[in-house]
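Student: Coordinates for the following, if possible.
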Amino acid sequence: MKTPFTNDDRYVGRDYGTFEYPITPELIATYVEGTGDDNPWYRGDSPLGGAIAPALIIHSAVYKPATEWYLPKIFGNLHARQEWENFAPVMVGDTLRAHRMIVERYLKRDREYVVCEVIVTNSLGLIVSRSRTHQSFLLESGRSEGFVVDKSREKDQKRAFKIGESGGEGFDAPVRTITEAMCYAFSGPARNYHNDRAKAIELGFPEIVVQGMLSVCLVSEMMTRRFGLGWLYGGKMDLRLVNVVWGNDVTGPRGSIIGRHAEGRHTRAEAEVWCDKSDGTKTIVGSASALEL
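Tutor: As a prediction, this is how the structure comes out:
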């Protein structure tokens with residue numbers, strides 16, 4: 001069918017097809033190595049009688065390969081926002097199918113944003129998750145001089161974010177040092193700016209830029225620890241990635257339940273969630289909710 005677009009156009013509605021992902025114990029092991037999230041449910045000690053995969057086990061399906069839907073100028077590109085909805089647990093041994101499509105483009109300040117949606121189904125054809133990844137690209141033509149983002153930016157008062165001050169019911173998950181080995185496991189095996197300093201410098205950054213999706217996975221780990229199956233059946237989050245996590249930074253997720261409301265026979269807990277570094281710098285801010293089962 002003829003269209004008004006070329007093969008190089010990244011247009012809303014462009015479909016990038018479906019890819020299969022067998023959920024194997026080896027894939028789980030790589031996830032654990034990359035995130036530090038070693039829940040016993042992943043090995044079979046779960047309330048469903050078998051091994052349950054992490055909710056974000058194919059966290060980077062949107063990026064494989066990212067160059068298909070990225071804008072041509074990748075210098076200085078950043079993961080800006082992540083939306084995610086869970087609908088059902090994923091069992092180890094199943095095969096998932098991830099379908100990708102561009103659903104939005106917009107301008108904000110000096111960047112253009114492309115939003116890629118991923119709908120994931122299991123072997124029964126049931127939707128288990130839906131996500132939208134907002135990736136930002138510099139508007140200026142050509143290569144910028146110097147670093148696009150450096151470590152001093154996060155000290156700017158404009159990069160300070162007030163969250164978690166409402167006095168709600170607090171919860172958290174372990175703080176971790178994001179080592180280069182973790183970056184390689186999470187963002188490899190190909191060398192790129194998420195696991196190799198030289199590649200990061202090529203794209204305008206002074207150090208390894210820890211993949212934003214890793215911090216998103218840490219939030220998901222926290223929600224799983226706090227809400228269990230209530231996160232896997234109907235969990236939601238909307239996160240803004242506001243400061244960069246650099247290689248070897250120490251970071252961890254935090255949450256605060258700020259409200260509850262009825263949802264059918266159960267209650268949904270609404271929370272503020274964020275990640276911060278050891279010095280208090282916020283790297284993710286947003287909201288998440290889960291059922292209390």
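
Student: Could you use CA atoms for every contact and neighbour count after this?
Tutor: Will do.

Student: any low-confidence regions in the stretch 51-200 of the chain?
Tutor: 141-145 (pLDDT under 70).

Student: Okay, helices next: where are they in the chain?
Tutor: 25-35, 180-187, 197-202, 212-227, 229-232 (DSSP state H).

Student: by how many degrees do the fourth one and helix 25-35 diverge?
Tutor: Using axes from the mean of the first three to the mean of the last three Cα atoms, to 10 degrees, the inter-axis angle of helix 212-227 relative to helix 25-35 is 100 degrees.

Student: Which neighbouring elements make contact with helix 212-227?
Tutor: Based on contacts counted as 3 or more Cα pairs under 8 Å, 6 or more residues apart in numbering; DSSP states H and E, the elements that helix 212-227 packs against are helix 25-35, strand 169-172, helix 229-232, strand 250-263, strand 266-277, strand 282-292.

Student: what would those look like in JSON lines with distance to residue 188 and mean neighbour count?
Tutor: What follows is the helices and strands packed on helix 212-227, written out as JSON lines (distance: least, Cα to Cα, whole Å; neighbours: other Cα atoms under 10 Å):
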{"stretch": "helix 25-35", "distance to residue 188": "10", "mean neighbour count": "18"}
{"stretch": "strand 169-172", "distance to residue 188": "28", "mean neighbour count": "16"}
{"stretch": "helix 229-232", "distance to residue 188": "26", "mean neighbour count": "25"}
{"stretch": "strand 250-263", "distance to residue 188": "20", "mean neighbour count": "19"}
{"stretch": "strand 266-277", "distance to residue 188": "23", "mean neighbour count": "21"}
{"stretch": "strand 282-292", "distance to residue 188": "22", "mean neighbour count": "23"}
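
Student: Tell me which of these lies nearest to residue 195.
Tutor: helix 25-35 (11.1 Å; Cα to Cα).

Student: ok, back up a step: out of the helices and strands packed on helix 212-227, nearest to residue 132?
Tutor: Closest among those, using Cα to Cα: strand 282-292, at 14.4 Å.

Student: Can you give the strand pairings for that closest one, parallel or anti for each?
Tutor: Paired strands of strand 282-292, with direction, are strand 236-241 (antiparallel), strand 266-277 (antiparallel) (DSSP bridges).

Student: Tell me which of those strands lies nearest to residue 178.
Tutor: Of all the strands paired with strand 282-292, it is strand 266-277 that lies closest to residue 178, at 10.6 Å by Cα to Cα.

Student: pLDDT on the closest one, on average?
Tutor: The average pLDDT within strand 266-277 is 97.

Student: just to revisit the earlier point, looking at the helices of the chain, spot the one closest to residue 15.
Tutor: Proximity to residue 15 (Cα to Cα) singles out helix 212-227 among these, at 22.0 Å.

Student: Let me know the angle separating the closest one from strand 250-263.
Tutor: Computed by the same axes, to 10 degrees, the angle separating helix 212-227 from strand 250-263 equals 50 degrees.
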